[in-house]
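> Predicted structure and sequence below. I'll ask about it afterward.
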Amino acid sequence: MAEQKTVLSPIPGVFYRKPAPDKDVYVKEGNTVKTGDVLAMVEVMKNFYEIKAETDGVLAQFFVEDEDLLDAGQEIAVIIEQ
Amino acid sequence: MGYFKKVLIANRGEIARRIIRTCNKEGIRTVAVYSEADAEAPYVSEATEAVCIGPAQAKKSYLDIEKVIQIAKETHADAIHPGYGFLSENPEFVRRCEEENIVFIGPSAETIHIMGSKLEARTQMQKAGVRVVPGTDKSIESVDEALLIANDLGYPLMLKASAGGGGIGMQLVQNDAELIKVFDATKQQATSFFKDGTVFLEKWISNPRHIEVQIVADTYGNVLHLFERECSVQRRNQKVIEESPSPFLNDTLRKELLDAAIRGVKQIDYTNVGTMEFIFDENQNFYFLEMNTRLQVEHPVTEEITGLDLVELQLKIAAKEKLTITQEEINKTGHAIECRLYAEDPNTFFPSPGVISRLKLPENDVRFDFGIIEGSAVTPFYDPMIGKIIVHGITRDQAIEKMQRVLDEIDVQGVKTNLMLLKQIMKNNQFIRGNYTTQFLAENKIQVLEG
């Protein structure tokens, strides 16, 4: 059975699924991702931190919406490993 | 006419506390606005009244022009002080204040608009006989045009967005290939960030010093300078330490710089306080860089050497009072240094939000302009600067010694800070000699960190 891997945000901040307001999302739910792919971005004190996949698999679901406020350690998505 | 009864402060943190302090002294009531993330911040309880302006994100709170205007009307504020950052250099906000008969404490919308365009500012300064960095004075439309200009000026060059700022919309190019590679993207980025795709080319000045001049101008044509501030200790285009006077200037060069700043300000009929930024090259040539049409973060060093209260001057000028001091009456006394305390990793400069679990500050002979107190949260939503430490000495050496002692006595826990970096800069020989450029931190990285 495929392993599920939860993606956490190590830092608090504002969550973004797109690199810029007029751009497409980094990853759609159901897309295949590879280790190192950027999944989302967190804005913390005018700095941007990229959240990257730490495993290969399918990004099954995001738990937070674009522009939601995150706590440190919050679960943001789940990847089903392949 | 007459002075204000109530001022709304469209800002947060240390600068909101700073403005409240002067308003209290002047007997002016204050209105603080705060986001949901700032409800417990010290400035909120220090204001006469406080109104929540919206959610944590700045664009939904502090940057929401209509909400600020609405709260100003509801609380019957006569005037709005914008502080720095946020709406302080937004001509649209100034126009809305004017429409609602609320005094904006700062220059006119038109002036902010002119100085917000780097190209327009270059044109105006040249008219005033103020040197600007060699470059183009009109918008560059195509790569071909850019290449012709570039070969005329000679590399290295900076490709800049006219509406850019804060290090965004600037690209260093060393040759034709690099210029071709970045031209379209820079123009595109300028359009999407600043809604203005105007770009131009300037000579790149390596190893520059960043020295700025504080000016004050009333609405009756009186323009004064309050000397210079040396701001060359920077990391990623952000200032870390400022001092006045600049250890780099001799009296002749200082006079030349101050005269240029005054000529530039008169050219645009500037009013209120403002800062003319210049860069110096290795041969002591200086060039106008840009103007900040607002109060600066580092204004306290100027207050320390002149004994003047810049916020008080801002309020009085905005209330159409005449300046009662003359240039001859303004003296600089001794030497002042400011260190900016950032909640960030001192090695990577990455921000470090958290709760200030401990804050011990020495009491004597030092000024602290802090946004936080022990127990405050440093939230992830705003600037990482949590406070400023300012000392004044009879000489530069004495000011450095004082700062060394003060920094040693500070204890801040709960978030990572750059305190250790500040201590090491104060003990760095190059800094102590006063011979440093904007490359100082990058060049001294290992030395500073291993100290």
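Great, that's in hand.
> How about stretch A:42-60 and chain B, touching?
Yes - Stretch A:42-60 reaches chain B (C-beta under 8 Å from any C-beta of the partner chain) through A:43, A:44, A:45, A:46, A:47, A:49. All C-beta atoms are positioned from the backbone trio N, CA, C, and that covers glycine.
> Point me to the residue of chain A nearest chain B.
Per C-beta to the nearest C-beta, residue A:45 is where chain A lies closest to chain B, at 3.7 Å.
> which residue sits closest to that residue, ignoring its sequence neighbours?
Leaving aside its chain neighbours, residue A:45 sits nearest to residue B:351 (3.7 Å; criterion: C-beta to C-beta, 6 or more residues apart in numbering or on different chains).
> Pretty sure the residue of chain A closest to chain B sits against residue B:381.
Yes - the criterion here is C-beta atoms under 8 Å, and residue A:45 meets it with residue B:381 at 7.4 Å.
> Please, where are all the helices along the stretch 251-400 of chain B?
Remark: helices assigned in the stretch 251-400 of chain B by DSSP state H, counting those that start in this stretch are B:251-267, B:299-306, B:310-318, B:396-409.
> Output the set of residues of chain B in proximity to chain A.
B:56-57, B:192, B:343-344, B:350-351, B:353, B:379-384.
> one more time with 7 Å
B:56, B:57, B:192, B:350, B:351, B:353, B:380, B:382, B:383, B:384 (C-beta under 7 Å from any C-beta of the partner chain).
> low-scoring stretches of the stretch 251-400 of chain B, by residue?
Nowhere does the stretch 251-400 of chain B drop to pLDDT under 70.
> That one: strands as residue ranges?
Using DSSP state E, counting those that start in this stretch, the strands of the stretch 251-400 of chain B run over residues B:272-280, B:286-292, B:335-342, B:354-355, B:358-360, B:367-370, B:377-378, B:385-393.
> May I see those strands organised as JSON lines, with distance to residue A:28 added?
Formatted as JSON lines, those follow (distance: least, C-beta to C-beta, whole Å):
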{"stretch": "strand B:272-280", "distance to residue A:28": "45"}
{"stretch": "strand B:286-292", "distance to residue A:28": "42"}
{"stretch": "strand B:335-342", "distance to residue A:28": "37"}
{"stretch": "strand B:354-355", "distance to residue A:28": "34"}
{"stretch": "strand B:358-360", "distance to residue A:28": "45"}
{"stretch": "strand B:367-370", "distance to residue A:28": "45"}
{"stretch": "strand B:377-378", "distance to residue A:28": "35"}
{"stretch": "strand B:385-393", "distance to residue A:28": "38"}
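> Would you quantify the distance from residue B:171 to residue B:196?
Look at residue B:171 and residue B:196: by C-beta to C-beta, to the nearest Å, they are 16 Å apart.
> who in chain A is up against chain B?
Counting by C-beta under 7 Å from any C-beta, chain A sits next to chain B at A:12, A:13, A:14, A:20, A:22, A:44, A:45, A:46, A:47, A:69.
> 8 Å - rerun?
So chain A meets chain B at A:11-14, A:20, A:22, A:43-47, A:49, A:67, A:69 (C-beta under 8 Å from any C-beta).
> just the buried members of the residues you listed?
A:11, A:12, A:13, A:14, A:43, A:44, A:45, A:47, A:49, A:67, A:69 (16 or more other C-beta atoms under 10 Å in any protein chain shown).
> who's in contact with the fifth one?
This points to residue A:43. Taking C-beta atoms under 8 Å, 6 or more residues apart in numbering or on different chains, we find residue A:43 in contact with A:13, A:14, A:16, A:49, B:380.
> which element is it on?
strand A:38-44 (DSSP states H and E).
> Give me the mean pLDDT for that strand.
For strand A:38-44, the mean pLDDT works out to 94.
> So in that sheet, which strands flank it, and in what orientation?
strand A:13-16 (antiparallel), strand A:47-52 (antiparallel) (DSSP bridges).
> Now tell me what touches the last one from outside.
It stands for strand A:47-52. Residues contacting strand A:47-52 (C-beta under 8 Å, 6+ apart): A:7, A:9-11, A:13, A:35-43, A:76, B:350-351.
> again, only using 6 Å
A:11, A:36, A:38, A:39, A:40, A:41, A:42, B:351 (C-beta atoms under 6 Å, 6 or more residues apart in numbering or on different chains).
> can I assume the last one is in contact with residue B:384?
Okay, so that is residue B:351. Yes - with contact defined as C-beta atoms under 6 Å, residue B:351 counts as touching residue B:384 (4.5 Å).
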